[in-house]
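Student: Predicted model and sequence follow; I will ask about them next.
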Amino acid sequence: GLGRVVVLAARVPGNAHVVTAMGRLGEVRGGLEVPCGITSFPAELPPSTMSVAMVCSVYAGSDVDRTWLVVTAPDEAATAEVLDDDGAVLDVLRLEKGSAMTRTPDGAALVRVVDGSGETYDVIPIAPAPEEPFGDYGDG
C-alpha cells in the first residue's frame, strides 16, 4: 500500500551471501528510506533455497517505533508462523510466491516456514532493524 520493500542477496568475499532489505515509504525515487535488518549465510547455499526474516523500522518522524516484518522463503513455502522465544505462535502469514510482509508482533523472535503439506521447512531467527544504516561507519 504505502511502501515497498525489496530483499537483496549478494555474494561477498569470504565465501558468504549477505542478505538485506531496502524499504521506502511514499513515491519511487522519493519518500522516506526505511532501514531493514541484515543477515548472512554460506555462499554454497543458493539464495533461492534460503528463508529470511527481518525487521524494517518506520519512524516517520515520530517517537513511536512502527515496524514491518519481512519474510522471504523458497516458492514451495506456503505460510510463515511468527513465534515468540517460547515457540508460541503470534501470527500466521500466507506467503505469496515465497514472500509476505506485516506489522511486527510484540515479542516476535523466530519464524517457522511451513510448506503446502504442513511440514516445517525451516525455523529462522528474525534479523532486527539496524541502529545505523548499512555502511555508515560514523564520523571517524
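Tutor: Great, that's in hand.
Student: What number of residues are in the vicinity of the closest residue to Asp85 other than its chain neighbours?
Tutor: What sits nearest to Asp85 in space, not counting adjacent residues and going by C-beta to C-beta, 6 or more residues apart in numbering, is Ala109, at 4.7 Å. (Each C-beta comes from the backbone N, C-alpha and C, glycine too.) If you count neighbours by other C-beta atoms under 10 Å, Ala109 ends up with 15.
Student: Touching, Ala109 and Val89? I think so.
Tutor: No - if you go by C-beta atoms under 8 Å, Ala109 and Val89 don't touch, sitting 11.8 Å apart.
Student: anything in contact with each of those two?
Tutor: Here Ala109 and Val89 share the contacting residues Leu83, scored by C-beta atoms under 8 Å, 6 or more residues apart in numbering.
Student: can you give me the strands for this protein?
Tutor: Listed in chain order, the strands found in the chain under DSSP state E are 3-12, 16-25, 32-34, 38-42, 52-58, 66-72, 77-83, 89-94, 99-103, 110-115, 120-127.
Student: how about JSON lines for these, with mean pLDDT added?
Tutor: Shown next, in JSON lines, are these (pLDDT from 0 to 100):
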{"stretch": "strand 3-12", "mean pLDDT": "80"}
{"stretch": "strand 16-25", "mean pLDDT": "81"}
{"stretch": "strand 32-34", "mean pLDDT": "75"}
{"stretch": "strand 38-42", "mean pLDDT": "86"}
{"stretch": "strand 52-58", "mean pLDDT": "86"}
{"stretch": "strand 66-72", "mean pLDDT": "87"}
{"stretch": "strand 77-83", "mean pLDDT": "96"}
{"stretch": "strand 89-94", "mean pLDDT": "96"}
{"stretch": "strand 99-103", "mean pLDDT": "89"}
{"stretch": "strand 110-115", "mean pLDDT": "96"}
{"stretch": "strand 120-127", "mean pLDDT": "92"}
